[in-house]
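Enquirer: return a 3D structure for these sequence lines:
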Amino acid sequence: MSKKYNVYGIGNALVDIVTEVDDQFLSEHKIEKGFMTLVDEDTQTRLSSAINMENSNKQCGGSVANSVIAVAQFGGTSYYSCKVANDDLGKFYRDDLKSNGVDTNLDHHDLESGITGKCLVMTTDDATRTMNTFLGITSNYSRSEITEAALKDSEYLYIEGYLVTSENGQDAMKYAKKIAEENGIKTALTFSDPSMVKYFRDPMESVIGASVDLLFCNEEEAMLYTGKDNLQEAREALKKDAKRFAITLGKNGAMIYDGDTFIDIEPYEVNAIDTNGAGDLFAGAFLAGITNGRSYADAGKLASLASSRVVTQFGPRLEWHQAKDIMHHLQMH
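Expert: This next block holds a predicted model:
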């Protein structure tokens with residue numbers, strides 16, 4: 001029996017507010033250039049009032065949100081469980097998900113009062129991105145955000161590693177994984193960021209449990225998690241935690257383990273101006289591929305091409321027409 005959704009994602013809901021600033025703005029506001037920093041509400045409000053919000057580009061974001069939108073763009077079906085507040089940005093977030101073809105728990109719940117999480121993405125003219133994130137209401141993400149019926153009607157559960165930073169987030173990750181395993185649904189996880197593996201290694205291990213069906217990580221995360229100092233050893237060590245995995249290697253492409261053999265995915269040479277979101281897009285395109293009849297090698301090719309396109313522009317997402325062009329390109333070749 002076919003499932004309604006290819007991918008059911010859980011993760012943090014953040015409205016990305018992308019704006020251009022100069023170095024002077026960063027130094028005036030004592031912002032560390034080139035880093036993602038978690039900030040409090042006061043700091044975020046102060047910065048928001050200092051930039052031109054009208055001319056800033058807003059879109060619903062968060063790592064797994066970007067991935068499930070990519071799943072929809074590349075011909076799949078997806079559902080996203082997240083937490084936003086009943087403020088203007090929360091309603092914007094819900095509408096943006098829907099307009100991108102993603103079903104969500106936000107349709108069925110009254111939004112709570114509070115502040116929707118947001119990430120100020122400040123770009124300087126040397127193409128460096130500096131991010132200040134205020135988690136807002138998503139820091140209370142818990143198992144009550146999980147829609148069991150939709151999860152059971154999915155092929156894959158996809159878990160965002162960033163949720164590991166809070167106890168309620170860890171509980172939600174384990175709860176969703178348990179439902180998935182009890183109902184024969186495959187589990188996929190992204191490590192999200194090297195700092196998640198470095199500072200939350202034990203809780204991450206306990207979420208993984210015996211293993212996950214599919215793991216997404218980059219080279220640095222793979223080595224940090226396994227404690228190995230080269231990729232050859234790290235990929236062997238990962239086999240005990242994940243039945244299959246994809247390790248992205250930046251400009252060197254990717255390496256995929258399909259449960260049997262290692263597949264090298266060739267990179268596409270491009271002029272990268274913004275690498276934010278490349279991993280999210282890789283995961284989304286790959287999941288769309290394997291749940292819609294592509295082999296691991298073909299899905300890897302699709303994911304590699306998609307992520308090579310997104311790094312040539314600002315922002316972590318492609319436009320729908322770009323996704324269609326990529327699918328068309330692969331059909332022709």
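
Enquirer: all strands of the stretch 101-250 of the chain, in order?
Expert: 102-104, 118-123, 129-134, 154-160, 186-190, 212-218, 242-248 (DSSP state E, counting those that start in this stretch).

Enquirer: got those strands as JSON lines, with mean pLDDT, mean neighbour count and distance to residue 18 columns?
Expert: Yep, even glycine has a C-beta here, placed from its N, CA and C like the rest. Formatted as JSON lines, the strands of the stretch 101-250 of the chain follow (pLDDT from 0 to 100; neighbours: other C-beta atoms under 10 Å; distance: least, C-beta to C-beta, whole Å):
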{"stretch": "strand 102-104", "mean pLDDT": "97", "mean neighbour count": "22", "distance to residue 18": "20"}
{"stretch": "strand 118-123", "mean pLDDT": "89", "mean neighbour count": "23", "distance to residue 18": "4"}
{"stretch": "strand 129-134", "mean pLDDT": "88", "mean neighbour count": "21", "distance to residue 18": "9"}
{"stretch": "strand 154-160", "mean pLDDT": "98", "mean neighbour count": "25", "distance to residue 18": "20"}
{"stretch": "strand 186-190", "mean pLDDT": "98", "mean neighbour count": "25", "distance to residue 18": "22"}
{"stretch": "strand 212-218", "mean pLDDT": "97", "mean neighbour count": "24", "distance to residue 18": "22"}
{"stretch": "strand 242-248", "mean pLDDT": "97", "mean neighbour count": "23", "distance to residue 18": "23"}
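
Enquirer: where do the helices sit along the stretch 201-333 of the chain?
Expert: 201-208, 219-226, 231-238, 278-290, 296-310, 320-332 (DSSP state H, counting those that start in this stretch).

Enquirer: for stretch 256-272, buried residues please.
Expert: 256, 257, 258, 263, 265, 267, 272 (16 or more other C-beta atoms under 10 Å).

Enquirer: quick one: residues contacting the spatially most central residue of the chain.
Expert: Closest residue to the average C-alpha location of the chain: residue 63 at 2.3 Å, with C-alpha atoms, centre = their mean. By C-beta atoms under 8 Å, 6 or more residues apart in numbering, residue 63 lies in contact with 11, 12, 160, 161, 162, 190, 192, 279, 280.

Enquirer: and with 7 Å instead?
Expert: Shown in contact with residue 63 (C-beta atoms under 7 Å, 6 or more residues apart in numbering): 11, 160, 162, 190, 192, 280.

Enquirer: about what we covered before: looking at the buried residues of stretch 256-272, which are in strands?
Expert: Assigned to strands by DSSP state E, the following of the buried residues of stretch 256-272 qualify: 256, 257, 263, 265.

Enquirer: out of these, who's nearest residue 307?
Expert: Distance to residue 307, by C-beta to C-beta, is smallest for residue 265 among these, at 10.2 Å.
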